[in-house]
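Chemist: need a structure here:
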Amino acid sequence: MTVVVATKYVSLRDMALLVEAGVGVVGENRAQELEAKHAAYGDAFRWHFIGHLQSRKAKVVNRICELVHSLDAESSAQRLTVPALIEVNLSGEPTKSGVEPERLDTLLAEAKDVRGLMTMPPQTDDPETSRPYFRRLRELAAERGLRELSIGTSQDYRVAVEEGATLVRVGSTLLRG
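Modeler: The predicted model follows:
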């Protein structure tokens, strides 16, 4: 399993702390921040993109990242040249990105190199409430022969590991001051 340190709230200067701590993989949510952090820290990390991917930002992501966790549109799939995980909106929340489960196969047919799936369950104080979402995503991946599962964040990473996560995205748990 790979821990991806989410750097959305990490300043450019504080990225040096992650280098000192020996962090290997970071995930950034915004392409502009990704560019700036990569310009300063380059090969100090393996870079993942974990935010909503706009097709016009695919060029930046292609140049820097080894994996995108959040592919959810055909327009982005056509421009992406690096491996990706398809984000599936299992909660049905309109504020969340991701394809509906019914559209998963359509996006799989459009994308070039899909390694697995990702989901974001509803925000919760009880990590156990994330379990059904993680289990369902694991089932969807297995039905399609996909190996990678990007599930779990600081709120529910333990449950995610129990449900088969190959990637967990943590930030606030590691970065509290």
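Chemist: For stretch 51-67, which residues meet the burial criterion?
Modeler: Gly51, His52, Leu53, Lys57, Ala58, Val60, Val61, Ile64, Cys65, Leu67 (16 or more other CB atoms under 10 Å). No exception for glycine: its C-beta is placed from N, CA and C like everyone else's.
Chemist: wait, I meant stretch 135-146
Modeler: Arg135, Arg136, Leu137, Arg138, Leu140, Ala141, Leu146.
Chemist: Give me the subset of these lying in helices.
Modeler: Among these, the residues falling in helices (DSSP state H) are Arg135, Arg136, Leu137, Arg138, Leu140, Ala141.
Chemist: Count the residues that sit near the nearest residue to the fourth one once chain neighbours are set aside.
Modeler: In other words, Arg138. Nearest residue to Arg138, sequence neighbours excluded (CB to CB, 6 or more residues apart in numbering): Gly164, at 4.9 Å. The number of residues packed near Gly164 is 16, by other CB atoms under 10 Å.
Chemist: helix/strand/coil for Gly164?
Modeler: Using DSSP: H, G, I helix; E, B strand; the rest coil, the structure places Gly164 in coil.
Chemist: I'd like to know how far it sits from Ala39.
Modeler: The gap separating Gly164 from Ala39 is 35 Å, by CB to CB, to the nearest Å.
Chemist: now do Leu146
Modeler: Counting by CB to CB - Leu146 and Ala39 are separated by 33 Å.
Chemist: which residues are in contact with stretch 42-50?
Modeler: 4, 6, 15, 18-19, 23-29, 31, 34, 38, 61, 64-70, 150, 167, 169 (CB atoms under 8 Å, 6 or more residues apart in numbering).
Chemist: Give the buried residues for that stretch.
Modeler: In stretch 42-50, counting by 16+ other CB under 10 Å, buried: Ala44, Phe45, Trp47, His48, Phe49, Ile50.
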